[in-house]
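**Student:** need a structure here:
(chains A, B, C and D)
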There are 2 protein chains.
Amino acid sequence: MTRRPAPGTRRRILQTAARLFGEQGARAVGMQQIVEETGLGKSVLYREFTGKDDLVKAWVGELHDHAWSQLDSAIARHEGDPARQLLAIVEHAQETARTSDAHGCTFYNTSAEYRDPDHPGRREAVAHLDQLRERLRALAATARATDPGALADMLMLVISGLYANAATLGPSGPVSRSVAAARILIDQHIPAHASAS
Amino acid sequence: MTRRPAPGTRRRILQTAARLFGEQGARAVGMQQIVEETGLGKSVLYREFTGKDDLVKAWVGELHDHAWSQLDSAIARHEGDPARQLLAIVEHAQETARTSDAHGCTFYNTSAEYRDPDHPGRREAVAHLDQLRERLRALAATARATDPGALADMLMLVISGLYANAATLGPSGPVSRSVAAARILIDQHIPAHASAS
DNA sequence: ATCGGTCCGGACCGATCGGTCCCAATACTG
DNA sequence: CAGTATTGGGACCGATCGGTCCGGACCGAT
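**Tutor:** This is a model prediction of the structure:
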């Protein structure tokens, strides 16, 4: 071992893959295309990742981490007010869905493109959605919702729907009513609570 | 012109394509695969459809027609009660999303797989969603909703979200709360109205 | 300066993609 | 019944797919 591998290589691949996969969908992007855009050779790509499936999984996984850090900071901004935290999550989702060039939710898009339940990318995506659901449930519980599981699931519907509609009907479509919808659902489930305007 | 073309050919292609596209996603299915499953030759397929894009468009279009006929009959079952009709639409969506092997909403799936806004299949899908939105708005208006556009959009969120969640988190996931969510949103928008249990 | 070893750009692989085309089989016409 | 126009099964096309591998370039130790 006399020569050190370039340090930022993996990250560079991931960034390029993220851009292409995000814009065009994972299935529409070929490995060759990623090779060309990074300027790297194929051998490097296949040393860092075992194959395309692995690259897709890594991409989804990184987005998972990114999403959680964003969500955590959005939640932290309303410490002690769990009802407000629930709304903040939807606000954050609405904001990103409308600005991020309307490609929809990566987690659901990936599930749509790879139907095999054993596909690594799909597993990663489903796992993320499941964790989000659980987090919402926990938040709803501490907010003393009458039925935390129901409220969490209803917010899941709004969040998923918001991304889907942003991707299809544009930023001024139904996505623009998602926060309002979330507010209604939250108020309905938390007795004697009126969310801040 | 001495020989008549086989009559059911186009329909047979469409049915096979619908099954394969629905199960695996349009991008994952090759034309060769459709040829093999139908038993027809490629020349037949390319005489009926100009190419894969055209086949995808026809598939989405047929689902569009099918969806509307189902929706119309669901609506007709509650003539004169527009609020109930809105709920019936969501009920129907929930039912189909949970039973149809959880492949999600074709219209959104197709949009996710084909990002090019000029792709015929995507155009067809977006057009359908837009019509659904407008129909919901009209129904909400005749139901004297305080803000018909808002109610329609919120129901769009629920419907889209319901399909997305059925496809990822399964039939016992958030999709099971979609009718309840819709009921809350409807009641909130229609003064002095309580939807039947 | 020389050498040994590692790295990586890109040629290359078989399979499959969407799409074209040929020709044998077919069924109507005269 | 012979002739002919049309159909449709499938061989074939170049391009591209995901993935492998080789050979020159480069680095570090001696």
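
**Student:** longest helix of chain A?
**Tutor:** With secondary structure taken from DSSP state H, chain A has its longest helix at helix A:52-76.

**Student:** residues contacting A:A58?
**Tutor:** Residues near A:A58 by CB atoms under 8 Å, 6 or more residues apart in numbering or on different chains: A:14, A:17, A:49. Any C-beta I mention is one placed from the backbone N, CA and C, and that applies to glycine too.

**Student:** Please look at A:A67 and A:H128 and confirm they touch.
**Tutor:** Yes. A:A67 is in contact with A:H128 according to CB atoms under 8 Å; the separation is 7.0 Å.

**Student:** Looking at the two, which one has more neighbours?
**Tutor:** Legend: neighbour count by other CB atoms under 10 Å in any protein chain shown for A:A67 and A:H128, higher for A:H128 (22 against 19).

**Student:** okay if I get the contacts of A:A58 as JSON lines plus pLDDT?
**Tutor:** What follows is the contacts of A:A58, written out as JSON lines (pLDDT from 0 to 100):
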{"residue": "A:L14", "pLDDT": "96"}
{"residue": "A:A17", "pLDDT": "97"}
{"residue": "A:F49", "pLDDT": "96"}
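
**Student:** Narrow these to those in helices?
**Tutor:** Among the contacts of A:A58, the members falling in helices (DSSP H) are A:14, A:17.

**Student:** Out of the contacts of A:A58, who's the most crowded?
**Tutor:** Among the contacts of A:A58, the one with the most neighbours (other CB under 10 Å) is A:A17, at 25 neighbours.

**Student:** Could you measure from the closest residue to A:P120 other than its chain neighbours over to chain B?
**Tutor:** Sequence neighbours aside, A:K57 is the residue nearest to A:P120 in space, at 3.7 Å (criterion: CB to CB, 6 or more residues apart in numbering or on different chains). Going from A:K57 to chain B by CB to the nearest CB, to the nearest Å gives 16 Å.

**Student:** tell me the contacts of A:K57?
**Tutor:** Contacts of A:K57 by CB under 8 Å, 6+ apart are A:120-121, A:123-124.

**Student:** got a winner among the residues you listed for most neighbours?
**Tutor:** For these, neighbours tallied by other CB under 10 Å; top is A:G121, 26 neighbours.

**Student:** check which helix or strand covers that one.
**Tutor:** According to DSSP states H and E, A:G121 maps onto helix A:120-142.

**Student:** Could you list every helix and strand that that helix packs against?
**Tutor:** Contacts defined by 3 or more CB pairs under 8 Å, 6 or more residues apart in numbering or on different chains; DSSP states H and E place helix A:120-142 against helix A:52-76, helix A:82-99, helix A:106-113, helix A:148-169, helix B:148-169.

**Student:** Those helices: which one's closest to DNA strand D?
**Tutor:** Across those, DNA strand D has its closest neighbour in helix A:52-76 (3.6 Å, CB to the nearest atom of the strand).

**Student:** can you give me how far the closest one is from the chain middle?
**Tutor:** 7 Å (CA atoms, centre = their mean, to the nearest Å).

**Student:** anything in that helix sitting right up against DNA strand D?
**Tutor:** Yes. Judged by CB under 7 Å from any atom of the strand, helix A:52-76 comes into contact with DNA strand D at A:52-53.
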